[in-house]
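Engineer: here's a sequence, model it:
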Amino acid sequence: MKLATLNEGGRDGTLVVVSRDLTRCVKAPRVAATLRAALDDWGKASRELALISELLDKGRDNINAAAVAKFDATACMAPLPRAAQWIDGSAYLNHVELVRKARKAEMPPEFYRDPLMYQGGSDTMLGPCEPILASSEAHGIDFEAEVAVVTDDVPMGIDAAAARKHIQLVMLVNDVSLRNLIPAELAKGFGFFQSKPSSAFAPVAVTPDELGAAWDGAKLHLPLRVALNGQWFGHPNAGTDMNFDFGQLLAHAAFTRALGAGTILGSGTVSNRDPAVGSCCLAEKRMIEIIASGAASTPFLKFGDRVRIDMTDENGRSIFGAIDQIVEAYKGPHT
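Structural biologist: Below you'll find the predicted structure:
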């Protein structure tokens, strides 16, 4: 089934079940008003939502016609506008290798057996068409196209195989980064904060069964399509060159603590070793330029730039709906 959150009804929006072709939707207030509430009782809620999804896809005659509405991705919040937590890994070591090679730094051997991971803010997740707000272009504004999963309750100390069974939803995310703020933050030895503003999500979260053979239980084997200002930027396959799958990432995250239902875990920037497929972030393209010529020629995002991130099935149909954001100058807090 496919689920989304409309921008109505409060901070957590209103949960809707979306048709497979992303054209229609229906609310399910008797099951759960919000996706956050559904995940808190996922065993029961998922069964009832799946029944509604089945009826919706059979047509209007099988469900209250008055309840069915046209689905509008621009009216969506993030599927989880507020999440239990947001964790982001770095599962594609090609991306890490390029960054370190551009700096003429060796790849630490432990990176190949122990995934990189950070915990970000989960209180203000952006909808698919909300702007990327930045106070200055000098901060080095960048997009990072990723795949993310949402879990139910994950016990502490779980192994990778068991952790895969706790993946309940799959999403797309733009993990926005302010590249020029990162070095000073990391130099403090305490991780990202100011350099990682709110992330944005595609309008629809899908259960793994919707992905068919493209989902192997821990990886999504489809190209992630990125465009910048209407021009192709990259289409690397999310299942290729993924050194740590989502089960391994979840086991790493749950090594010393349980993960609450509604935890979102990102894959990190999708990256393939084949340069012909392009990139999922500006930083990676800049690193390739530095390695090749000694200097980066691709600029970071400017105000007015537009980023689009999408994934299609084998028939060219969007699975999650697109992230479609414009970079805007932040004007300061409204008081």
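
Engineer: please make it C-alpha for all contacts and neighbour counts, starting now.
Structural biologist: OK.

Engineer: any weak-confidence spans in the protein?
Structural biologist: The chain contains residues with pLDDT under 70 at 60-66, 335.

Engineer: helices of that one, start to end?
Structural biologist: Using DSSP state H, the helices of the chain run over 35-40, 42-58, 93-102, 160-163, 182-187, 246-253, 282-293.

Engineer: can you tell which of these is closest to residue 319?
Structural biologist: Between residue 319 and the helices of the chain, the shortest gap by Cα to Cα is with helix 42-58, which sits at 14.7 Å.

Engineer: residue nearest the centroid of the chain?
Structural biologist: Ranked by distance to the mean C-alpha position of the chain (Cα atoms, centre = their mean), the top residue is residue 173 at 2.2 Å.

Engineer: could you give the bridge partners of that one?
Structural biologist: residue 146, residue 201 (DSSP bridges).

Engineer: re earlier: make a markdown table out of the helices of the chain and add mean neighbour count and distance to residue 11.
Structural biologist: As requested, these are exported to a markdown table (neighbours: other Cα atoms under 10 Å; distance: least, Cα to Cα, whole Å):
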| stretch | mean neighbour count | distance to residue 11 |
| --- | --- | --- |
| helix 35-40 | 20 | 11 |
| helix 42-58 | 17 | 20 |
| helix 93-102 | 20 | 35 |
| helix 160-163 | 18 | 30 |
| helix 182-187 | 13 | 30 |
| helix 246-253 | 24 | 27 |
| helix 282-293 | 19 | 32 |
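
Engineer: picking up where we left off before, got the contact list for the residue nearest to the centre of the chain?
Structural biologist: Applying Cα atoms under 8 Å, 6 or more residues apart in numbering to residue 173 gives the contacts 144, 145, 146, 147, 148, 199, 200, 201, 202, 266, 323.

Engineer: could you work out the most separated pair of the residues you listed?
Structural biologist: 266 and 323 (15.3 Å).

Engineer: give the contact list for residue 142.
Structural biologist: Each residue near residue 142 by Cα under 8 Å, 6+ apart is listed here: 176, 177, 178, 179, 281, 282, 283, 300, 301.

Engineer: now residue 260
Structural biologist: Taking Cα under 8 Å, 6+ apart, one finds 84, 85, 151, 152, 153, 154 in contact with residue 260.

Engineer: 6 Å instead, please
Structural biologist: Neighbouring residues of residue 260 by Cα atoms under 6 Å, 6 or more residues apart in numbering: residue 153.

Engineer: all strands in the stretch 151-300 of the chain, in order from the N-terminus.
Structural biologist: Taking DSSP state E, counting those that start in this stretch as the criterion, the stretch 151-300 of the chain contains strands spanning 167-174, 177-178, 200-201, 204-206, 225-228, 231-234, 263-266.
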